[in-house]
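Trainee: Below: sequence and its predicted model.
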Amino acid sequence: MMARFTLSRRALGAAALATMARPAFAQGAGGTIRIGELNSYSRMAAFAVPYRNAMQQAQDAVNAAGGVMGGRRIEFVFRDDGATPGDAVRVAEELLTRENVTFLAGTFLSNVGLAVADFANQRRRLFLATEPLTDALTMAQGNRYTWRLRPSTYMQTRMLVEAIRGRNVRRWAIVAPNYEYGQSAAANFKRLLPQAIPGAEIVAEQFPALGRVDAGATVGALGQARPDGIFNVLFGADLTAFVREGNTRGLFERRTVVSLLTGEPEYLIPLGEETPEGWIVTGYPWDQVTGMPTHQAFVDAYRGRFNDTPRKGSLLGYVTVQVIASLLNKANSLDNERLIDALADLRSDTVVGPVVMRGLDHQGTMGTWVGETTLRGRQGTMRNSRYADGADYMFPEEEVRAARRSA
Amino acid sequence: MEWDFLLVQALSGLASASSLFVIASGLTIVFGVTRIVNFAHGSFYMLGAYIAVTIVPWLLEFDRSPWLFFVGVLASALAVGVLGVVMEVTLLRRIYRVPELFQLLATFGVVLIVQDLVLLVWGPVDITGPRAPGLRHGIFIFDQRFPAYELFLIFVGPAVLGLLWLLMHRTRFGVLIRAATQDREMVGALGVNQAMLFTGTLFLGAALAGLGGALQIPRVSANPQMDLSIIAEAFVVTVIGGMGSVPGAFLAALLIGQLQAFGVLVFPKITLVLVFLLMAVVLVIKPWGLLGKPEAAAGRAVLPEGIIDPRPLDRASQGLILVALAAVLALPLLDAYAVKVGTEVLILALAAFSLNFLVGNGGIVSFGHAAYFGLGAYGAGLLVTKAGLPMEPALLAAPLVAAAFAALFGFFVVRLSGIYLAMLTLAFAQIAYAVVFQWVEVTGGDNGLVGVWPSRWAASRETYHYLVAACCVLAIVALRRVVHAPFGATLRAARDSVQRADAIGVDVRTHRWLGFTLAGGAAGLAGGLYAFSKGSIDPTLLGIPMSVDFLSMLLLGGIQSVLGPIAGAAVFHAVKDFFMPLTDHWRLFLGLSIIGMVLVFPRGLAGAWAGLRRRPA
Amino acid sequence: MTLLAAEGLNKRFGGVQAAKDVSFALDAGEMLAIIGPNGAGKSTTFNMVGGQLRPDSGRVSLAGQDITGLPPREVCRMGVGRTFQVAQTFLSFTVIGNVQMALIAHHGQTRKLLPDAMAMHRDAALALLDRVGMAAQAERPVGELAYGDVKRVELAIALAAAPRLLLMDEPTAGMAPAERSALMALVAGIARGERIGVLFTEHDMDAVFAHADRILVLVRGEIIARGRPEEVRADAEVQRVYLGHSGTRAATRARRAAHG
């Protein structure tokens, strides 16, 4: 597949103007509403490009249907966040000051998301985080201006733990990438496991460096602990290496494997025919979705426009725009304070059904699918999947209150 | 633990070691002959994997035989070798005469370009290659299953070592490579066609990297991040073994493979830092690596790369500085975002300037200067977020914290010289990075800490800009003063001739140590200012990419000039800021800009400025 | 009185005995040459005195003070100036800058952070350059000089520390013959005029026999002869193993020249 070479004409124009001092142009009453969207389009292109595609698709759909707030168009201004907090904060500043966006959305990496969240808090602008999974974003480091749509590490881990509730699998090994996402997924798993399987114990933990897993050594160390079950948090290239090594060495045979995100097309597609059978995963089986009336139309339109199958990122991008549209309609104002107030417990109808932005912790109830991996032909997919509504897996309210007290 | 498990774990370590050696051997040969620290070696590795996942499945369509698989792997390696030749002929050949550090910068430009070209050609999705036919299965070793392919890999390393030995000792090309590794000038003097030798060496080095990448396809998917994930490790192997020593690289790879395999059993979280810890320990004990030799002292006196005889500024340069200062002061009149960029340029200029105090003035090439920048940021950030102090004392503490760590690390660093010194600075930077990354309770881990905002009076963008301007300009003026002062002159003298400096009674090590500490402190001040400009701190501030950015700014500006790095920081940051909003492929343009500038201004912007002034009107 | 005394110096490199029981003494104002074929241990002996090498055993003392094994910078501070076989100067500095740097080091000012280094000790530096005949070229970069002039600058650098002893490793190596005798005459004049002891090694026999007060002959790490030039020249052993025919001729020629 050839990645499209994107050089937006508008951005080029903006840059040409950049050398001159430009007065801020106010957004007229009936003018287009501009929203700043920053993400790791370059570093995390496999996720971010389908995400941006779907956002553009949704933006066009909203505008074609008459726009928001009684006829105003929305326009996303996309920017690469450089995949580092330092670059991202500068880009966020550029979006606010030069591009005159009303508020910010996006980011991928957790540290980037947190830095932009704090920046948004300082500037008193709304930041709708989409992909960062870290619990800190809505818990310990949550703030008034930061909201998140996607289910967090805690929520997804909890979905998986629920899926193995009551099974007679007592000895568990954990393998997770050595950074915040991996560490906090492991910590959540350790915390939640005893409630689901009384008497369960963790017998081994491995934390290979992100992107540099020494698969042989890691698989050997895990196997040596003789676990009954394995909780995997590896993804991307690390996951492929781990699965191959584990398959050859028989690590997964007669063992329950529970794995975060592995069912997402982003990670199943590279696995191809190596896709392991019967792992319990969170993911997005886009071709098996039932009970969501508008979902199929989204998939058809996406495939028609981009000649590609949708990814989890695509779904997230589409739902993000739908939530933003319903937010603007409800607030009927571009004042950020009123936007924040409108977001609290905002209920939007999206392609995955209703999504509520819980006012208590600023976390959306968008869910994800839980099922088992399987091989169909030479491609991995999911079976026995069901949609786990995020609303059922949120942090307990008292925990949120304790964590956000300082925020 | 059962011994059969330990055996299998050791075999896993051997397989990793073998893969690592194949890659590192190419790097060490290229360095030995050309003295170029080739950052693009990781890119060749990545290209090897991508080419292999493209042609090997195509070959296997004809016949799923092991032979065709290995034909595909070798063809990929050769194709990458040809790409190495392309790089040598189109780029390196033009810059053998420019300072060594510029060559490093050019190869870094190649890294950026290849990253984006790979995305353009192969797309962003990881590509999983086929397994090797006939080696898909696991082999039972007592009770444990071990992949047949890895068993095969274990033999590849020694085989490559053997073939390289034959090449080095039984062919004219190999003899020349060895001779050039020992004494480059000698080969030139003997009338050897140096261009052919270098082209051949680059072919060999790139092909080995490509072979390393292609051999990995049955294990890992080809992905756009694999270049940077391998290059640091390959450097570590090369340095631990001794730069230029192929057997040394083999030994080092074995060591690392086994440490990794057994290290994860004892400390599962040590993966981040293990190799760098090992490198630091080896370099402290053996300053030239396990099997390396001390750099032969130059037979003739050569003018050092760096600041030559700093003089008072002439009229035109004074004018230029006045214009720059006026621009800094007038920025808030332009627009809000320009202020933000201007603030960052000032901070980066101070960081680059402090680095040039080491590199240009002292001849102490640091690959890990971001460590002190980041530690300053953390020092300030932690005081604000954990101790609840306001900005002012935190900003005072930033340089002190950084200087304290610079003193600690510098104590060991100044015992070495040349490329080994540079690699030790890198090792310490990575160790600091790993500690900050892993010490979640205090540093917030890789999420970092937020809420590092300026005091109320300095909260506005414009006020903070002026605060930064005052701090940075003052610090730069002070450091420039030191360059001209006896202390700066002494560092320069020691750079020119350690022997002579020693003989006139200068304690070279102590002076270098103090210089390292001073530069670290200045970088720490820059880091503290940066933290307050962003509102957050995180480990990327200490990372290798940050250090490379600083080096790039410095080189673009020109290491011969005292003030050049400031221009370098401005241009580098402006170019990045210009291309980032334009396109996803900003790295491609950044890389092309860097290479363009290296080719057009081989002495940096300051060199170009000086050249411009010398030319008769 | 004895300025420099070496007693029983020994040094081995692997299996090679580079210096074996080397002892000698040198008085203030005296010029002592160490000669010998390549690999005889001249540089080893020299470096043990200068602090670049630490002897395995034996003792070096300067004006009665033990300096054995001190690093070169300490030896320098005790009053020992040094020149190298391949001239070592600060190539990025001007001629006068080199000498100023040496003066700054001599005055212990290398850690000063504020004054302009190139404004310090200018007069003293010029005076030193004047003594070696380089004052006219003070402002040129040292990298542009002819090699003979670089050697003179190096001498000025060594003199900046107001040394009691000069160590000169092959002071005339790489120079044209005319430059050689001029440099040696200059050194001899300064040494005798200021009562500085000079220990030097040399390949050029003309220079040795013309200017040395005494000569040590080193072969395979051992002193095989010592004494005034004419004594050494007359020594049968020296003639056999080292000087040979050409050496004898040079010694004769030198004596004639010296006696005018």
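Mentor: Okay, I see it. Numbers count the residues shown, from 1 in each chain, chains lettered A, B, ... in the order given.
Trainee: C-alpha from now on. contacts and neighbour counts both.
Mentor: Noted.
Trainee: what residues does the stretch 201-350 of chain B put near chain A?
Mentor: Listed as neighbours of chain A in the stretch 201-350 of chain B under the rule Cα under 8 Å from any Cα of the partner chain: B:219-223, B:225-226, B:229-230, B:260-262, B:264-265, B:268-269, B:271-272, B:334-337, B:340-341.
Trainee: just checking, which of the residues you listed belong to helices?
Mentor: Residues of those located in helices (DSSP state H): B:226, B:229-230, B:260-262, B:264-265, B:336-337, B:340-341.
Trainee: rewinding a little: going through the residues of the stretch 201-350 of chain B next to chain A, which ones are buried?
Mentor: The neighbour count (16 or more other Cα atoms under 10 Å in any protein chain shown) marks B:219-223, B:225-226, B:229-230, B:260-262, B:264-265, B:268-269, B:271-272, B:335-337, B:340-341 as buried among those.
Trainee: just checking, what packs against the lengthiest helix in chain B?
Mentor: Counting residues, the longest helix found in chain B (DSSP H) is helix B:3-34. With contacts taken as 3 or more Cα pairs under 8 Å, 6 or more residues apart in numbering or on different chains; DSSP states H and E, helix B:3-34 sits against helix A:215-224, strand B:144-147, helix B:148-170, helix B:172-182, helix B:194-215, helix B:226-241, helix B:246-266.
Trainee: mind listing what's buried in that helix?
Mentor: Neighbour counts over helix B:3-34 (16+ other Cα under 10 Å) mark B:5-6, B:8-34 as buried.
Trainee: now it and helix B:246-266, what's the angle there?
Mentor: Here the directions of helix B:3-34 and helix B:246-266 differ by 140 degrees (axes from the mean of the first three to the mean of the last three Cα atoms, to 10 degrees).
Trainee: close to chain A, is the helix or strand immediately after helix B:3-34 in the chain?
Mentor: Using DSSP states H and E, the next helix or strand after helix B:3-34 towards the C-terminus is helix B:41-62. No: using Cα under 8 Å from any Cα, helix B:41-62 never reaches chain A; the gap is at least 12.0 Å.
Trainee: what comes into contact with the following helix or strand past helix B:41-62?
Mentor: For helix B:41-62, the following helix or strand on the C-terminal side (DSSP H and E) is helix B:66-90. Counting contacts by Cα atoms under 8 Å, 6 or more residues apart in numbering or on different chains, the residues outside helix B:66-90 that touch it are B:44, B:47-49, B:51-52, B:55-56, B:59-60, B:132-134, B:198-200, B:202-211, B:214-215.
Trainee: tell me the angle of helix B:66-90 relative to helix B:41-62?
Mentor: 140 degrees.
Trainee: and helix B:66-90, average pLDDT?
Mentor: Here helix B:66-90 scores 95 as its mean pLDDT.
Trainee: and that helix, how far from the chain's centre?
Mentor: 25 Å (Cα atoms, centre = their mean, to the nearest Å).
Trainee: Tell me the residues of the stretch 51-200 of chain C that contact chain B?
Mentor: Residues of the stretch 51-200 of chain C lying near chain B (Cα under 8 Å from any Cα): C:72-77, C:81-82, C:86, C:88-94, C:101-102, C:104-106, C:109-118, C:143, C:157-158, C:161.
Trainee: Surely residue B:24 and residue B:232 touch.
Mentor: No: between residue B:24 and residue B:232 there is no contact under Cα atoms under 8 Å: 10.3 Å.
Trainee: Would you mind listing where chain A has pLDDT under the threshold?
Mentor: Residue ranges of chain A with pLDDT under 70: A:1-30, A:406-407.
Trainee: how about the residue nearest the centre of it, secondary structure?
Mentor: Ranked by distance to the mean C-alpha position of chain A (Cα atoms, centre = their mean), the top residue is residue A:131 at 3.2 Å. Recorded secondary structure, residue A:131: coil (DSSP: H, G, I helix; E, B strand; the rest coil).
Trainee: Mind listing residues that contact the strand or helix carrying residue B:479?
Mentor: Using DSSP H and E, residue B:479 falls within helix B:461-484. Surrounding helix B:461-484, the residues in contact under the criterion Cα under 8 Å, 6+ apart are B:310, B:328-329, B:332, B:336, B:339-340, B:342-343, B:346-347, B:349-350, B:353-354, B:357, B:361, B:454, B:457-458, B:488-489, B:522, B:526, B:529, B:533, B:562, C:113-118.
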